[in-house]
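Q: Give me a 3D structure for the following:
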Amino acid sequence: MAMSTVLFALADEISHEILVKKNPIPVSSDVLGKAKVNFEDNCTPCHGTEGKGDGPLAESLKKRPKDLTNTKELGGLADGEIFWLLSRGRDPMPAFDQKLTDNERWGLVHLVRSMSNTKSTTTSHHQ
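A: Numbering: from 1, shown residues only. You can find the predicted model right below:
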């Protein structure tokens with residue numbers, strides 16, 4: 001199931017305020033560097049080092065981790081949706097709202113944007 005399809009199914013759970021929230025953290029090499037460390041520590045076991053969903057644990061999961069380099073899927077998501085997914089999790093991905101700060105999760109939004117070569121947006125295909 002496409003990531004955008006999953007989010008469309010969750011539209012009732014995500015508030016409009018989150019859907020259109022602009023990433024409050026300006027992108028910088030420092031922010032991306034810290035996000036890369038957080039990604040390596042928390043995400044690479046499932047998503048792999050390049051974010052393609054091919055990490056060492058990926059094959060053992062019932063659902064394959066999302067390919068974070070997929071421009072088409074990530075381009076259809078607003079920053080707030082990506083932040084929401086990082087915060088709340090989605091099977092099999094755990095929630096990171098208790099493990100990472102808001103700023104760290106927003107930094108990961110920037111990193112995911114750079115991996116997927118998509119631009120920051122407050123426009124969702126699910127509004």
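Q: OK, contacts around the residue sitting nearest the centre point of the chain?
A: Most central in the chain under CA atoms, centre = their mean is Ile82, positioned 4.2 Å from the mean C-alpha point. Residues near Ile82 by CB atoms under 8 Å, 6 or more residues apart in numbering: 74, 108-109, 112-113. (C-beta placed from N, C-alpha, C; glycine too.)
Q: so where does it fall, helix or strand?
A: Assigned by DSSP states H and E, Ile82 belongs to helix 79-88.
Q: Name the next helix or strand following that helix along the chain.
A: Counting by DSSP H and E, what follows helix 79-88 is helix 102-116.
Q: Give me the angle between that next one and helix 79-88.
A: 120 degrees (axes from the mean of the first three to the mean of the last three CA atoms, to 10 degrees).
Q: can you list contacts of helix 102-116?
A: 23-25, 27, 31-32, 34-36, 38-39, 43, 50-51, 68-71, 73-75, 79, 82-83, 86-87, 96-97, 100, 119-120.
Q: Mind telling me what element Val37 is part of?
A: helix 29-42.
Q: Using CSV, list the CA coordinates for that helix.
A: C-alpha atoms of helix 29-42 as CSV (Å, rounded to 0.1, in the frame of the first residue of the first chain):
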residue,chain,number,x,y,z
SER,A,29,24.0,21.5,7.4
ASP,A,30,24.0,21.4,11.2
VAL,A,31,20.3,20.3,11.3
LEU,A,32,20.8,17.7,8.6
GLY,A,33,24.0,16.4,10.3
LYS,A,34,22.1,15.9,13.6
ALA,A,35,19.2,14.3,11.7
LYS,A,36,21.6,11.9,9.9
VAL,A,37,22.9,10.8,13.3
ASN,A,38,19.3,10.3,14.6
PHE,A,39,18.5,8.4,11.4
GLU,A,40,21.5,6.2,11.7
ASP,A,41,20.6,5.4,15.4
ASN,A,42,16.9,4.9,15.0
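Q: Which of the residues in it are classified as buried?
A: Buried residues in helix 29-42, defined by neighbour count with 16 or more other CB atoms under 10 Å: 31-32, 34-36, 38-39, 42.
Q: Ok, stretch 69-83 next?
A: So for stretch 69-83, counting by 16+ other CB under 10 Å, buried means 69-70, 73-74, 76-83.
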